[in-house]
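Q: This is a predicted model, with the sequence first.
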Amino acid sequence: MARRIVITGAGAGLGLELTRWYATRGDTVVGVARSDAAAADFTAAAGPAGILVKGDVTDQACADALRRVLAERAPAVDLLYNNAGMSGRGAQLAGIRVEDVQQALDVHCLAALRISQAAIDALLAAEKPAIVNVSSRLGSIGRVAAGDFDHLGIAYATRISKAAQNMLTACLAREFGPRGLAVYAVHPGRIRTKMASADADLEAPEAAARLAGWVDRIRPDRQVFYGEPELGTFPW
């Protein structure tokens, strides 16, 4: 049976490959893309059944547009990927601009909150809905505190904003798990994209296939999960 999948950041990187993966299986993808180039790439990948919402996820108008599109064209949504992301800069206190941290929080956490609010009615109308917040190992408080990533020079903005996104996941799971909505925070792998860390070793098509397949397998068993497909749970 064809499903309806919402993906933010759907015109590039992991989001674009997730779009291709689901479209080739006959699912309808509702993609949120910001730039003209990303929108064109999404449309080509999603095929004739694809539905484009063009906008910036940090803008409430984008979330409002998504809400309207879902009400009109996809009143029941099986899966939401909060995937939109950005890179950060400033791995030491002296080099940090507070506005960069604010922007990362907006993209990784507040945008996921806005999009989840916009899609919640459609998600709750589906039989077995799920939200996947595409997180990062870099948001693990336990692993950062242990110094696991010191050698990578990761920006404060990335680590702080992804940790905040993980807390959003926990909040959503506590509220909506009893109503049948599964919520996951998942590190999809060290993907070779423009935002990749120095130790990236995974191509986006492989990461998308692994993540999408994992979501399909784990959904009947777990309402909330913090971790990485096939590799176990992180100490968030």
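A: Good, I have the coordinates. Keep in mind the model is a prediction, meaning the values are calculated, not measured.

Q: Assumed Asp148 was part of a strand.
A: No - counting by DSSP: H, G, I helix; E, B strand; the rest coil, Asp148 is not part of a strand but coil.

Q: where's it relative to Lys162, distance?
A: Distance, Asp148 to Lys162, by Cβ to Cβ, to the nearest Å: 14 Å. For the C-beta atoms, the positions are set from N, CA and C on the backbone; glycine is no exception.

Q: Repeat that for Tyr22.
A: For Tyr22, the distance to Lys162 - Cβ to Cβ - is 24 Å.

Q: Could you do Arg179 as well?
A: 26 Å.

Q: So for those two, which sits in the more crowded spot?
A: Lys162 (27 against 10; other Cβ atoms under 10 Å).

Q: if I read this right, that one contacts Arg143, doesn't it?
A: No - Lys162 is beyond contact range of Arg143, at 11.2 Å (criterion: Cβ atoms under 8 Å).

Q: dump the residue contacts of the residue most central in space within the chain.
A: Taking Cα atoms, centre = their mean, the centroid of the chain lies closest to Asn83, which sits 2.3 Å from it. With contact set as Cβ atoms under 8 Å, 6 or more residues apart in numbering, Asn83 has these partners: Ile7, Thr8, Gly9, Ala10, Leu14, Gly15, Leu18, Val132, Val134.

Q: what does Ser35 give?
A: When contacts are counted by Cβ under 8 Å, 6+ apart, Ser35 touches Gly11.

Q: please redo it, this time with the cut-off set to 10 Å
A: Gly11, Ala12, Asp41, Lys54, Asp56 (Cβ atoms under 10 Å, 6 or more residues apart in numbering).

Q: Next, it: phi, psi?
A: phi -90, psi 160 (degrees, to the nearest 10).

Q: Could you grab the helix/strand/coil label for the closest residue to Ser136 other than its chain neighbours?
A: Take Ser136 and drop its neighbours on the chain: the residue closest to it by Cβ to Cβ, 6 or more residues apart in numbering is Lys162, 4.6 Å away. Under three-state DSSP, the three-state class of Lys162 is helix.

Q: right, and the pair among the contacts of Ser35 with maximum separation?
A: By the measure Cβ to Cβ, Asp41 and Asp56 form the most distant pair in these, at 16.5 Å.

Q: Those two: which has the busier surroundings?
A: Legend: neighbour count by other Cβ under 10 Å for Asp41 and Asp56, higher for Asp41 (20 against 16).

Q: And the average pLDDT for the host helix or strand of the more buried one is what?
A: Using DSSP states H and E, Asp41 sits in helix 36-46. Across helix 36-46, the average pLDDT comes to 98.

Q: Which residues does that helix contact?
A: 5, 7, 9-13, 15-24, 27-33, 35, 50-55.

Q: now the farthest one out in this structure, which residue is it?
A: Distance-from-mean max, the chain, by Cα atoms, centre = their mean: Ala94 at 30.0 Å.

Q: ok, now which ones touch the closest residue to Asp27 other than its chain neighbours?
A: Distances taken as Cβ to Cβ, 6+ apart place Arg3 nearest to Asp27, at 4.5 Å, with adjacent residues excluded. By Cβ under 10 Å, 6+ apart, the contact set of Arg3 is 22, 25-29, 76-79, 126, 128, 216.
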